[in-house]
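Chemist: here is my input, please return the structure:
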Amino acid sequence: MPELTPDALRAAVARIAPSRIPALTQHLFEATTSAQQTQSLAPLRAFVNSWAVFVAIERHPERAA
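Modeler: Coordinates of the predicted model:
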């Protein structure tokens, strides 16, 4: 499992599902904008959690099935 940082998650997604990089980038942009507007880290935490789950599932799809 990669570190739970945007850069580490981006690298993991690039390795296992490169077609999803645009979605990750868009989600990060939206989470950052929302975090700034609400002055809360919750949107960034949700971003990290969402993509960490995605990476975990994609790394072991047989477990997810």
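
Chemist: in the protein, which residue is closest to the centre?
Modeler: With distances taken as Cα atoms, centre = their mean, W51 lies nearest the centre of the chain, 2.7 Å away.

Chemist: the nearest residue to that residue once chain neighbours are set aside: neighbour count?
Modeler: Sequence neighbours aside, L9 is the residue nearest to W51 in space, at 4.5 Å (criterion: Cβ to Cβ, 6 or more residues apart in numbering). All C-beta spots, glycine's among them, are computed from the backbone N, C-alpha and C. A count of nearby residues for L9, using other Cβ atoms under 10 Å, gives 22.

Chemist: do you have the helices of the protein handy? List them.
Modeler: 6-16, 21-38, 42-59, 61-64 (DSSP state H).

Chemist: in CSV: those helices, plus mean pLDDT.
Modeler: Listed next are the helices of the chain as CSV, based on pLDDT from 0 to 100:
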stretch, mean pLDDT
helix 6-16, 96
helix 21-38, 98
helix 42-59, 96
helix 61-64, 73
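
Chemist: my guess is P2 contacts A14, does it?
Modeler: No - in this structure P2 lies outside contact range of A14 using Cβ atoms under 8 Å: 10.7 Å.

Chemist: looking at those two, which is more packed in?
Modeler: Using other Cβ under 10 Å as the criterion, P2 and A14 rank with P2 on top: 17 against 12.

Chemist: list the contacts for that one?
Modeler: 8-9, 11-12, 52, 55 (Cβ atoms under 8 Å, 6 or more residues apart in numbering).

Chemist: how about 6 Å then?
Modeler: 8-9, 12 (Cβ atoms under 6 Å, 6 or more residues apart in numbering).
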